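A.B. asks: Pasted the sequence and its predicted model underneath.
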Amino acid sequence: MSIDFFIVPTVEFKVLFVLVVLFHHRRRALYFNVTERPTAEWTARQIVEAFPYDTAPKYLLRDRDKVYGDYFQKRVESMGIKEVLTAPRSPWQYPYAERVIGSIRRECLDSVIVLNKRHLKRTFVGYFDYYDRWRTHLSLDMDAPEHRPVLPTGLGKVVEFPDIGGLQRHYVRRAA
């Protein structure tokens with residue numbers, strides 16, 4: 001698992017901080033949340049929400065951001081998670097999280113003017129649904145993080161469906 005923050009400006013010139021938790025194996029965005037003021041306590045709560053009960057991973061890859069303070073580190077340790085820290089100013093050491101953030105920016109945020117926190121959350125719910133169910137990944141042999149079967153060509157015509165308010169599209173073969 002990887003965890004990372006990135007910022008999103010709003011139309012009112014406020015800065016929102018987005019936390020993304022990513023599952024490496026299938027490149028799946030497991031959890032996200034948005035806040036105006038990230039703290040170690042808030043981030044620790046998000047980890048507990050991301051991994052309820054006994055679903056915590058063995059390792060958590062993160063950078064050396066100050067928002068991961070003592071409170072966060074103690075909570076993660078109490079959950080049995082070992083933190084793996086990257087070297088200072090070395091985003092290439094956790095490429096999966098950085099790649100997902102780049103995809104979010106290019107495929108979603110570059111085309112959306114964010115109004116407020118609620119609007120950003122609603123946009124991300126649509127984006128992560130598209131990302132996990134329909135967006136293909138080269139590293140997954142052109143499959144999506146949530147595996148889907150390949151439909152036979154003789155099944156019927158291809159129908160287009162808009163995602164994220166029409167920013168992206170996915171296609172499904174429908175029986176005639």
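C.D. replies: Okay, I see it. Numbers count the residues shown, from 1 in each chain.

A.B. asks: Mind listing what's buried along stretch 130-140?
C.D. replies: Of the residues in stretch 130-140, 130-132, 134-135 count as buried by neighbour count, 16 or more other Cβ atoms under 10 Å. Yep, even glycine has a C-beta here, placed from its N, CA and C like the rest.

A.B. asks: Considering the residues you listed, which is situated nearest to Val15?
C.D. replies: The shortest separation between Val15 and any of these is 23.1 Å, and it belongs to Tyr131 (by Cβ to Cβ).

A.B. asks: And that closest one, how far from Ile101?
C.D. replies: Tyr131 sits 12 Å away from Ile101, taking Cβ to Cβ, to the nearest Å as the criterion.

A.B. asks: residue contacts, the residue nearest in space to the middle of the chain?
C.D. replies: Note on the chain: the residue nearest the mean C-alpha position is Ala29, at 3.8 Å, using Cα atoms, centre = their mean. Under the criterion of Cβ atoms under 8 Å, 6 or more residues apart in numbering, the neighbours of Ala29 are 20-23, 100, 128, 131-132, 145.

A.B. asks: From Lys157, how far off is it?
C.D. replies: Here the criterion is Cβ to Cβ. By it, Ala29 lies 31 Å from Lys157.

A.B. asks: shaky segments in this protein?
C.D. replies: Judged against pLDDT under 70, the low-scoring parts of the chain cover residues 176.

A.B. asks: mind listing the strands for this protein?
C.D. replies: Under the criterion DSSP state E, strands of the chain are mapped to 2-9, 15-23, 28-35, 59-62, 82-85, 156-163, 168-175.

A.B. asks: Make CSV out of these and add distance to Ser111.
C.D. replies: Compiled in CSV, the strands of the chain are given as follows (distance: least, Cβ to Cβ, whole Å):
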stretch, distance to Ser111
strand 2-9, 13
strand 15-23, 16
strand 28-35, 18
strand 59-62, 29
strand 82-85, 34
strand 156-163, 12
strand 168-175, 9
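
A.B. asks: Identify whichever of those lies nearest to Glu107.
C.D. replies: Judged by Cβ to Cβ, the one of the strands of the chain that comes nearest to Glu107 is strand 168-175, at 6.4 Å.

A.B. asks: Quick check: buried residues in the closest one?
C.D. replies: Along strand 168-175, the positions that meet the burial threshold by neighbour count (16+ other Cβ under 10 Å) are 168, 170.

A.B. asks: what's it packed up against?
C.D. replies: Using 3 or more Cβ pairs under 8 Å, 6 or more residues apart in numbering; DSSP states H and E as the contact criterion, the neighbours of strand 168-175 among helices and strands are helix 117-133, strand 156-163.

A.B. asks: quick one, what contacts Ile101?
C.D. replies: By Cβ under 8 Å, 6+ apart, Ile101 lies in contact with 4, 6, 20.
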